[in-house]
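**Student:** make a model of this:
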Amino acid sequence: MMEFIPDNQNQILDNTAFSKIISIPDHLGGFDINYRNPLLDHISGNVDQNTTILNYYIFDERVTQNYPNLTFKLDKKEFHVFHSLKDYNMHPPLNYKNFICSFNGSPHISRKLLVSILQKFNWFNKNYCTKNFSVDPYIIDGHITELIKNSNFYTKFFSVDPIFLNNIYVDNYQRFNHMNNIQTLETRLTESFLHIVSETLATSYYPFMSEKSFYSIATRGLFLAYAQPGWHEHFEKYFGFRRYTKLFDYHFDTIKNPIKRLVELMSMVSKFSNLSIADWHDLYLIEQDTIEYNYEHYFSGNYLKILELYDI
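**Tutor:** Numbering: from 1, shown residues only. The predicted structure follows:
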């Protein structure tokens, strides 16, 4: 499902016919189930061969075969956002008090669904989760009906509590100021067993990476992302960060439908929800080698070197 188009869309379209190199920032509004994008469709239909698109997706043949007259290259200047926490080198000690934390800024469809299902499972703890938007209850049902058949079944997993959905839960959030934000969130991260990363446009069908998962990596925490299908595999293959396969079943990551994927993610993690704090600590230790690897991989900057291999 497409949601947003870059703010400078008109400028991009106006310049398309005259440029052999076109820079398109951010997520492009997402990709449909056939790995097509309206903006790229327009550009592809209005340029000659050998036009280069600069962006910070890493596209595989599922996308590139749809646009044979376009060459995709990484816009490396955009990758600075990934290393925005490089100077954050001291976090609070692990001190579990809470099951899940999740931080939800812009009101993408997937974020509305995520906060709703967390509330339904009684995992949205307002002391550890944020929701920087309000939403009418009927909107939740509308999104579910639009995204999946048999919606009467799947609506049972989502809260339509009007008091919760209309309230805003936010604390000193400053968009793009990641050093401020991690200092605001560090205690919530280190006191929670699991961070559910609310990735951008989880209703899209092609993986898009943002800086959000690095908040957990920089604080040596466990995380899973509600993101596009194949996101975790993509993160490992192209960025080199390891998954926590000793604890988590990543089958949910293979499910294309965003509603089914979210319900499967919640179902998978539910088995951890009633464990004791001591149990959570023991489970953390099972994955400590992977946690330390990811921490060192991030602060060394080695994951940025890996990107050089995929400058297509």
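**Student:** now do the buried residues in stretch 241-248.
**Tutor:** For stretch 241-248, the neighbour count (16 or more other CB atoms under 10 Å) marks Phe241, Arg243, Tyr244, Leu247, Phe248 as buried. The way it works is simple: take the backbone N, C-alpha and C, and place the C-beta from them, glycine included.
**Student:** where does the closest residue to the first one other than its chain neighbours land on pLDDT?
**Tutor:** Once flanking residues are discounted, Phe241 sits nearest to Asn294: 5.1 Å by CB to CB, 6 or more residues apart in numbering. Model confidence at Asn294, expressed as pLDDT, equals 97.
**Student:** I'd say Asn294 and Ile217 touch.
**Tutor:** Yes - using CB atoms under 8 Å, Asn294 makes contact with Ile217 at a distance of 4.9 Å.
**Student:** for Ala202, see how far away Ser116 is.
**Tutor:** 13 Å (CB to CB, to the nearest Å).
**Student:** so between the two, which is more surrounded?
**Tutor:** Taking other CB atoms under 10 Å, Ser116 and Ala202 do not tie; Ser116 has more neighbours (28 against 25).
**Student:** show me what whatever helix or strand that one lives in is packed against.
**Tutor:** Using DSSP states H and E, the element containing Ser116 is helix 109-120. With contacts taken as 3 or more CB pairs under 8 Å, 6 or more residues apart in numbering; DSSP states H and E, helix 109-120 sits against strand 98-104, strand 129-131, helix 137-147, helix 162-166, strand 192-198, helix 258-269.
**Student:** and Met266, what does it touch?
**Tutor:** Residues near Met266 by CB atoms under 8 Å, 6 or more residues apart in numbering: Ile117, Leu118, Phe121, Phe157.
**Student:** try it again with 6 Å
**Tutor:** Neighbouring residues of Met266 by CB atoms under 6 Å, 6 or more residues apart in numbering: Ile117, Phe121.
**Student:** from here on, call the first residue 89.
**Tutor:** From this message on, residue numbering opens at 89, which makes the last subject Met354.
**Student:** related to what we said a few turns ago, did I read that right, the residue nearest to Phe329 in a helix?
**Tutor:** Yes - under the criterion used here (DSSP: H, G, I helix; E, B strand; the rest coil), Asn382 sits inside a helix.
**Student:** ok, now how distant is it from Phe191?
**Tutor:** With CB to CB as the criterion, Asn382 and Phe191 are 19 Å apart.
**Student:** what residues are up against the residue sitting nearest the centre point of the chain?
**Tutor:** Nearest to the mean C-alpha position of the chain, by CA atoms, centre = their mean, lies Glu287 at 1.8 Å. Neighbouring residues of Glu287 by CB under 6 Å, 6+ apart: Ala313, Ala315.
**Student:** excluding chain neighbours, what is closest to Pro180?
**Tutor:** If you skip the residues right next to it in sequence, Pro180 has Thr278 as its closest partner in space, 4.6 Å away by CB to CB, 6+ apart.
**Student:** please apply the same query to Leu371.
**Tutor:** Residue nearest to Leu371 in three dimensions, not counting chain neighbours: Leu335, with 5.8 Å by CB to CB, 6+ apart.
**Student:** number of residues surrounding the residue nearest to Phe329?
**Tutor:** Using other CB under 10 Å, Asn382 has 26 other residues around it.
**Student:** please apply the same query to Val357.
**Tutor:** Neighbours of Val357 (other CB under 10 Å): 21.
**Student:** and for Leu392?
**Tutor:** Counted with other CB under 10 Å, residues neighbouring Leu392 total 16.
**Student:** ok, it to Met267 distance?
**Tutor:** 18 Å.
**Student:** same check on Ser172?
**Tutor:** Here Ser172 is placed at a distance of 7 Å from Met267 (CB to CB).
**Student:** between these two, who's got more neighbours?
**Tutor:** Shown here are Ser172 and Met267; by other CB under 10 Å, Ser172 has more neighbours (17 against 13).
**Student:** apart from its chain neighbours, what residue comes closest to that one?
**Tutor:** His266 (4.1 Å).
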